[in-house]
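**Q** below: sequence and its predicted model.
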Amino acid sequence: MPIFLIVFLSLLIINNGKPFFLQERPGKNEHIFKIIKFKSMSDKKDENGKLLPNEQRVTKFGNFIRKYSLDEIPQLFNIIKGDMSLVGPRPLRVHYLPYYSKKESIRHNVRPGITGLAQVSGRNSLSWNEKLALDIEYVETMSFTKDLIILIKTVKKVLISNNIELDPEMPDLDIERKTDLHEV
């Protein structure tokens, strides 16, 4: 845990005593819990008091900890609390819940994970439909062996650190699905 301590102390200084980011996320059976992550963005706001876009708020140190997925380390506390698992569909934002199809909602039949099939199959280079299809595949075929394979692939992905950056052209799920509904 020396990495945890180094990142924690660095963020304590960089973020004025606020090293963690907490956000409500839906877990198993859509039970809402607070996910814990290391804070990688500043709280910078525009002249109207509105938060700047994410890409303008990520700090240099935040980029570094995201590159190596160190911002995810505090989620080990979520695992200890029973809110999460090492492997499973990533817990997405609460306001995405109405935008899942009935089939996609089965992603909430299991505890969410720090890593999952979508993360080792393309991560941020995948579309929402591809990510959610992989979540469904995971839930329908999950096994201890599959979890071990995903964990091994996760270690490789973290060491290579590819597909970390969010695609600025990819809208949030709720925006994409609202647009899709209007186009039908």
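**A** The structure has been received and is ready for your questions.
**Q** nearest residue to the residue nearest the centre of the chain in space, please, no chain neighbours.
**A** Centre of the chain computed as the mean C-alpha position; nearest residue by Cα atoms, centre = their mean is R90, 5.6 Å away. Nearest residue to R90, sequence neighbours excluded (Cβ to Cβ, 6 or more residues apart in numbering): G116, at 5.5 Å. All C-beta spots, glycine's among them, are computed from the backbone N, C-alpha and C.
**Q** work out for me the element the residue nearest to the centre of the chain sits within.
**A** Per DSSP states H and E, R90 falls between elements, in no helix or strand.
**Q** distance-wise, check it relative to L52.
**A** As judged by Cβ to Cβ, to the nearest Å, R90 and L52 stand 24 Å apart.
**Q** rewinding a little: report how many residues lie close to the residue nearest to R90.
**A** Here the number of neighbours of G116 (other Cβ atoms under 10 Å) works out to 27.
**Q** spit out the contact partners of it.
**A** Neighbour list for G116: 87-90, 134-135, 138, 150 [criterion: Cβ atoms under 8 Å, 6 or more residues apart in numbering].
**Q** ok, now with 10 Å
**A** 85-91, 107, 110, 123, 131, 134-135, 138-139, 147, 150, 154 (Cβ atoms under 10 Å, 6 or more residues apart in numbering).
**Q** so which of the residues you listed are in helices?
**A** 131, 134-135, 138-139, 147, 150, 154 (DSSP state H).
**Q** quick one: the helices in the protein, in order.
**A** Counting by DSSP H, the helices of the chain are 2-14, 54-57, 60-67, 75-81, 117-120, 128-141, 144-160, 173-183.
**Q** winner for burial among the ones you listed?
**A** Across the helices of the chain, averaging neighbours per residue (mean count of other Cβ atoms under 10 Å) puts helix 117-120 on top, at a mean of 23.
**Q** packing partners for it?
**A** strand 85-87, helix 128-141, helix 144-160 (3 or more Cβ pairs under 10 Å, 6 or more residues apart in numbering; DSSP states H and E).
**Q** if we can go back for a sec, where does the residue nearest to the centre of the chain fall, phi/psi-wise?
**A** In terms of degrees, to the nearest 10, the main-chain angles of R90 are phi -60, psi 140.
**Q** still on that earlier bit, quick check, nearest of the ones in helices among the contacts of G116 to T59?
**A** For the ones in helices among the contacts of G116, the residue nearest T59 by Cβ to Cβ is T154; the value is 24.3 Å.
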